[in-house]
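Peer 1: one predicted model, sequence on top.
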Amino acid sequence: MSHSTESNAPVYRIRVAVPVRLYDFFDYQLSAEHYAQAEVGARVTVSFGRQQLVAVIVEKLPPDAPIDPQFKLKMITELLDDRAILHPSIMSLLRWAAQYYLFPIGEVMHAALPTLLRQAKPYNLLARTWKLLNVHAEDQLKRSVKQQEAYKVLKLHPQGTQETILNLASVETNTLKALEKKGIAHCVLEAKDFTPTPVQLAQMPLTANEEQKKAIQSILKAQKKYQGFLLDGLTGSGKTEVYLQVMQKVLEQGKQVLVLVPEIGLTPQTIHRFQSRFHCQISMLHSGLNDTKRLQAWQYAETGKAAIILGTRSAIFTPIPQLGLIILDEEHDLSFKQQEGFRYHARDVALYRAHLENCPIILGSATPSIESYQLVHQQKLTRLELNQRAGSAVMPKMHLIDLKIARKQHGISEQLITEIKKCLEKKEQVLIFLNRRGYAPVLICESCAWQANCPHCDAHFTVHMKPYMHLHCHHCGTINRIPDACPQCDQSNLKPIGMGTAKVEESLQEIFPDFPVLRVDRDSTSRVGSWQKIYDQIQTSEPVILLGTQMLAKGHHFPYVTLVAILDIDGGLLSVDFRAPERTAQLIIQVSGRSGRGEKKGDVYLQTLRPDHPMLMLLLHHDYRAFAKQTLTDRQTALLPPCRYAILLRCESRSQQENQHFLSEMANLLRQQSEPDLIDIWGPIPAPMERKAGRFQAHLVLLSTDRAKLHFYVRSWWQQVLHSKTAYMKISIDVDPQELN
Ligand SMILES: [Zn+2]
Ligand SMILES: [Zn+2]
């Protein structure tokens, strides 16, 4: 084919986003027939370099547009979808997010698809339906209880049942396959049904109190148009009932509702509340699902079959054609910000999405972020207050324990031990919070003061006792054995210092031998289902001591807990991070909110070396809002986020000199290119942990009051940074960073 004969014939071209770390789109050619079928937001496979990649169509170029005859475009390999699976509003959202967070568009679009659709799988994967072949097979199943159970369930449904539904009924796919092997059941592949299912009320709404009514009415006034609300409600004040009643009205109009929660652990209780209020299809989207289930949940959202879409952070990018409401619960939670790769904040993306889709959005929290208070202050969010605890529950009473004067056993004050004892004897539950997993944070030699440090990081090794004794670096994952003697002085005087959850578990078990101690942290709940088991035990009214890390602070409902204790809050009070007081205050209020949610009043004990700290004084009276107001004023004075917009450039290399040299050069480049006094540049500064996994880290912090201009100058500068970096360097950019490490 020569160029001259072709130059007048129409050339059909599309522009696509390819999942590679490049900031451009790429053009491909396709047949007239495919061109007619192709829609923006559909997938194609294209050859890119030596690979075959799944790309998303972002534009159809007009066939008569002039082309450069020198430039021969490749043909696409395959058109995978006959319609847009990423709808126009999602495409706009993804393009905005890629630009705002300075991340390659192809990777952003790729991340928005479920794994199976990233792998060139056809959209309508067939559903697996199981049927019984032999209905008199009882005798063959005597040896397996699981198979008997599966058989019983199948027998109830002679027409066949979908595998996903069977899985929900705790019938495992492996059990079904075992039945298939025995010739008792078989699997039929059927096309999935995406017809929307009607929504019905399963249970009457509760009677809303005056505050709840006011909140519900304000939100409902904003239907079918964008408006942002901050539902600022004390723990236990009935935010969920407000969500449910607003959802009901939105669902009644045939609209879909997107609900985001900070972590997977919260999805079962949330889904349970939705299911007991509404009969409808609910899609659940989180990282704990296998690929097939995730695809199905995504498709139910995308086709409009699911009325409610419940998910964690990344669910914000799910296509939802009839979106009528977004709810983001526990909006202050740090898990909404992705901390690596595509570093978006789901709360900010959600606000932008509500704007694009013209629907209301509710951000809910008992301890709203300072960012959200700033938006209220700027009149970009409407604040709704809930101040009464539901039912007869009252706010728990706060007590400070001065660790400087208190008598202690294993780091727990005797006063606290006495109170715990009283509580357990009354058959009530206790929750103890310590944000440090492992056995002890340091191993020290008592003869020469040597400390066991990670050879690759500026950090102590954490001592772990189970499943075997070892040293573990929580920053790079290095594991070492515990030396028999001190490597420095050769004495056998090594001693773990300080306490982690595993050690406190041991101490509590010793002090209270008659009561179960349930430990909840990443080490104890890593096995699937272990958290659920503990959770079920908490829901019985038996007296137990619940001990855990951050995982326990989040939105859980523990009706029988009446005593909450935080063993060590001083780390948060002393940290150099300007957000540390905010996080500590949120933690204290959230953890104490787990107490006294039932009929009985609760107590909260905080152990501290700084009982006179002004923040603690405010929180003692549950006055998070006064604290937040003060914090916002402080940030205004200090010109810190959210009163200025921030972008963080992280640089990692073989030496701190290399980082310093490169970052200084880049800082100068930005100074030359932007307007005088527009961008305040801090740094280069070494990261709080300078050395991590053997590599050195440093930062540049960019601050400005003018977000649009800051982004404008940084966008082109970032491309230059990428081109200037050396091969040994790893750099990343974080827009609106939440952590400066
Ligand atoms: Zn020593
Ligand atoms: Zn390390």
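Peer 2: Happy to help now that I have it. Numbering: from 1, shown residues only. Ligands and ions are numbered 1, 2, ... in the order given.
Peer 1: CA only for contacts and neighbour counts going forward, please
Peer 2: Noted.
Peer 1: helices of the stretch 551-700 of the chain, residue ranges please.
Peer 2: Here the stretch 551-700 of the chain has its helices, by DSSP state H, counting those that start in this stretch, at 570-574, 580-592, 614-620, 624-638, 656-673.
Peer 1: what's the angle between the second one and helix 624-638?
Peer 2: The one in question is helix 580-592. If you take axes from the mean of the first three to the mean of the last three CA atoms, to 10 degrees, helix 580-592 sits at 170 degrees to helix 624-638.
Peer 1: which strands or helices does helix 580-592 pack on?
Peer 2: Using 3 or more CA pairs under 8 Å, 6 or more residues apart in numbering; DSSP states H and E as the contact test, the elements touching helix 580-592 are strand 561-566, helix 570-574, helix 614-620, helix 624-638.
Peer 1: pLDDT (mean, whole number) over whichever strand in the chain runs longest?
Peer 2: With DSSP state E setting the assignment, residue counts place strand 680-692 as the longest strand in the chain. If you average the pLDDT over strand 680-692, you get 91.
Peer 1: for that strand, buried residues please.
Peer 2: Asp680, Ile681, Gly683, Pro684, Ile685, Pro686, Ala687, Glu690, Arg691, Lys692 (16 or more other CA atoms under 10 Å).
Peer 1: okay, and the beta partners of the last one?
Peer 2: Put plainly, it is Lys692. Arg695 (DSSP bridges).
Peer 1: am I right that it is in contact with Asp458?
Peer 2: Yes: using CA atoms under 8 Å, Lys692 is in contact with Asp458, at 6.6 Å.
Peer 1: and whichever strand or helix holds Leu431, what does it pack against?
Peer 2: Using DSSP states H and E, Leu431 sits within strand 429-433. Where contact means 3+ CA pairs under 8 Å, 6+ apart, strand 429-433 is packed against helix 414-425, strand 545-548, strand 561-566.
Peer 1: which outside residues touch it?
Peer 2: Defining contact as CA atoms under 8 Å, 6 or more residues apart in numbering, one finds that strand 429-433 is touched by 420, 423-424, 541-550, 552, 560-567, 591.
Peer 1: picking up where we left off before, list the contacts of the longest strand of the chain.
Peer 2: Contact with strand 680-692 is made by 456-459, 475-476, 656, 659-660, 663-664, 667, 696-704, 740-741, as judged by CA under 8 Å, 6+ apart.
Peer 1: again, 7 Å this time
Peer 2: Under the contact criterion CA atoms under 7 Å, 6 or more residues apart in numbering, strand 680-692 has outside partners 456-458, 475-476, 660, 663-664, 696-704, 741.
Peer 1: re the thing from before, and the contacts of strand 429-433, which are buried?
Peer 2: Taking 16+ other CA under 10 Å as the criterion, what is buried in the contacts of strand 429-433 is 420, 423-424, 543-550, 552, 560-567, 591.
Peer 1: would you turn the helices and strands packed on strand 429-433 into JSON lines with mean pLDDT?
Peer 2: Formatted as JSON lines, these follow (pLDDT from 0 to 100):
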{"stretch": "helix 414-425", "mean pLDDT": "95"}
{"stretch": "strand 545-548", "mean pLDDT": "90"}
{"stretch": "strand 561-566", "mean pLDDT": "92"}
